[in-house]
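**Q** have a look; sequence and predicted model below, questions after that.
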There are 2 protein chains.
Amino acid sequence: MALEYLKLDESNSIRISAEDLHKQVSAILQGVGTPQDHAEITAKILVSASLRGVDTHGVGNAVRYSVSIEDGTYTIPQTVEVISETETTALLSCGNGLGFVAAHQGMEMSIAKAREFGLGMATIRDGHHIGMVGYYPMMATQNDMIGMAMTNANQAVRPALGARPRVGTNPIAFGAPSGDERDFILDMATSTVASGKIGLARRLGVEIPEGWAVTGEGEPVTDPPADRGDHWSQNPLGGSREQGSHKGYGLGVMVDILCGVLSGGGVGTQLAGGENMSWTMAIDIARFRDVDDFKSMMDDMIRELHETPPLPGEKAVLVAGDPEADFEDDRSANGVPVENGQYDEMRLRAADLGVEVFI
Amino acid sequence: MALEYLKLDESNSIRISAEDLHKQVSAILQGVGTPQDHAEITAKILVSASLRGVDTHGVGNAVRYSVSIEDGTYTIPQTVEVISETETTALLSCGNGLGFVAAHQGMEMSIAKAREFGLGMATIRDGHHIGMVGYYPMMATQNDMIGMAMTNANQAVRPALGARPRVGTNPIAFGAPSGDERDFILDMATSTVASGKIGLARRLGVEIPEGWAVTGEGEPVTDPPADRGDHWSQNPLGGSREQGSHKGYGLGVMVDILCGVLSGGGVGTQLAGGENMSWTMAIDIARFRDVDDFKSMMDDMIRELHETPPLPGEKAVLVAGDPEADFEDDRSANGVPVENGQYDEMRLRAADLGVEVFI
């Protein structure tokens, strides 16, 4: 639910089909030595983010990942190792490779375990960025399951009452399938806003609202900072003590526990930038009740929420996943708008790597 | 983390031992026909809330429950029915009785299933109030497990952008065991504040801060309203669109899905006041990694968080569960302060029911 002024400027971008973008991303990743199956998984998730309007996590990142592979930050080809596994649980190592590949495997294992035993869970260490976290619960909803995924990151958010960053923006994603209505897909940073929105404001040269970030003295930061460090922090969801900042902070630490402590991979204060531990879960709805009855009740709930009168000045009440589904409807039909700069960068990178230019 | 002015006034209360309070609550519940084992479970959870400083969910509520039992709102004695069960999952009916009893059984089953298969989950329909939701994860942490619990309620919170209440305050609780440090116990409403804090402000005759509640026109409510209804709503955590109200709203609906849709018991718009569906989960840490290693990493993380420099004017950075553990240390040693009015009410109720007066 980006603010108006943070939306992508269509006049400065070009529409490209999801199919061509998929081919281009996969080709670039393969161009730096990523095995085809791993490149295809990563491309699928990046294109899904672009289709769903989550541009900060979309195809534009492929070049950055390819550089991390080339400079050895990522180990490619990677081996996703199953360190321990039981009926319902798995501890994976991402092998210091593409986070997407291990998180995708974690959710596939979670779903397979849930199909056999009702529930499945994976926690993943030695990992990197897994992209749009909401992708992984969607893998579960497509299998008539409830899905959850989380991922942690290095310190960016202050604890409630604290003056220094200690917790990552640590997003939580949750999905549940509906019948006639759209699936419920929640994907939220546990900070007031995702870091990407602050970076985007900086690129666009606009101020950020009070409440998103503070200095070490607790003064509001409205000029988006250029660098990370101890001199400023993002606020946890809730913002101030009076408005519940201990809740966003507590949720952020919960994410650190499930991703970083349960896996042993590390928490916000222990991770370098670009290191991310992750967690997935699947719940087989049919173990509890008839799936059609579940979906029908989801439909009723979603319709009631949509019918809520909006506040003065607002158009309509939305349900988690609505804005992304609207983007997906448009972009599947009309192509994904890619900023001119990112478009040039991807083409140039493909040419440099000697792989086919598809866009 | 109540605001200063909402704290219990010790000059207006009397300290009573947890043991005597337990006996009194159990006696009152048995006085209206609750079987002894169910009365003991309920008393244990209510006294735990009082010990931990969560007075809105403490022993003072015993009289209210006894009235709900007497007037037939609760069905007592209740039968907690296992409607469906698999290796890792259970769907329970609370039998329209005390919510505490079914939620306690749900977490006990979750723990037993997690011990056998790694994970366990229960969702509970036909229920009532389960008290301090943070109690149930503590049952898991005492068994070297991670625990979660949620409960939904009738509509009190507006959707983001919405002008009418549609979602309950729907709390989420999460607990993970530590070693030398205190366990991490998060217990949070998905609204800006729990409803109890607004009710308490009304009893104390103080205003509530802007950001907690709004009228149907979106104007701040600062005079705590006397009645529920469509004319005002609590705000979801995040408060405003710009500060992430869609996140608190989304989390509230997630709670409705796990408690109300997965169980079939109903969501916020379908429930009457006092109806609550619930959900519990346990995760056996040993299935993933060595429990001592897990706890040692928890300790390190908690110490690092505690060592964060506080914002100017704040004393120290806390971790979820700290304020409650401080209360528990004091009240276990020195007794639980019970407001004079609640003290008189409990004694009178016991006498009226012809059961022993312990306090």
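**A** Looks like it came in fine.
**Q** make it CA atoms for all contacts and neighbour counts henceforth
**A** OK.
**Q** what about the strands in the stretch 101-250 of chain A?
**A** Under the criterion DSSP state E, counting those that start in this stretch, the stretch 101-250 of chain A contains strands at A:119-125, A:145-151, A:172-176, A:184-188, A:213-215, A:232-234.
**Q** relative to residue B:280, which of the ones you listed is closest?
**A** With Cα to Cα as the measure, strand A:119-125 is the member of the strands of the stretch 101-250 of chain A nearest residue B:280 (13.2 Å).
**Q** and for that closest one, what's in contact with it?
**A** Among residues not part of strand A:119-125, those counted as contacts by Cα atoms under 8 Å, 6 or more residues apart in numbering or on different chains are A:88-94, A:102-103, A:106-107, A:109-114, A:258-260, A:262-266, A:276-284, B:88-89, B:119-120.
**Q** and stretch A:97-104, by the same measure?
**A** Contact partners of stretch A:97-104, identified using Cα under 8 Å, 6+ apart, comprise A:38, A:41-42, A:45, A:74-80, A:92-94, A:124, A:127-131, A:136, A:276, A:278-280.
**Q** mind redoing it with 7 Å?
**A** Applying Cα atoms under 7 Å, 6 or more residues apart in numbering or on different chains, the set of residues contacting stretch A:97-104 from outside is A:38, A:41-42, A:74-76, A:78, A:80, A:94, A:127-131, A:136, A:278.
**Q** hang on, the earlier thing: out of the strands of the stretch 101-250 of chain A, nearest to residue A:326?
**A** Counting by Cα to Cα, residue A:326 lies closest to strand A:184-188 out of these; the figure is 12.8 Å.
**Q** that closest one vs chain B: in contact?
**A** Yes: when contact is scored as Cα under 7 Å from any Cα of the partner chain, part of strand A:184-188 falls within range of chain B: A:186, A:188.
**Q** please name the spatially closest residue to the residue in the stretch 101-250 of chain A that chain B sits nearest to (chain neighbours excluded).
**A** Closest contact between the stretch 101-250 of chain A and chain B, by Cα to the nearest Cα, is at residue A:162 (4.2 Å). Computed as Cα to Cα, 6 or more residues apart in numbering or on different chains, the closest residue to residue A:162 that is not its neighbour in sequence is residue B:310, at 4.2 Å.
**Q** ok, the one you found touching residue A:161?
**A** Yes: between residue B:310 and residue A:161 there is a contact under Cα atoms under 7 Å: 5.6 Å.
**Q** how many neighbours does residue A:10 have?
**A** Other residues lying near residue A:10 total 12 when counted by other Cα atoms under 10 Å in any protein chain shown.
**Q** which residue packs closest to it, ignoring adjacent ones?
**A** Closest residue to residue A:10 apart from its sequence neighbours, by Cα to Cα, 6+ apart: residue A:337 at 6.7 Å.
**Q** can you classify that neighbour as helix, strand or coil?
**A** Under the three-state scheme (DSSP: H, G, I helix; E, B strand; the rest coil), the conformation of residue A:337 reads as strand.
**Q** for it, give me its contacts.
**A** Residue A:337 makes contacts with A:10, A:13, A:14, A:15, A:16, as judged by Cα under 7 Å, 6+ apart.
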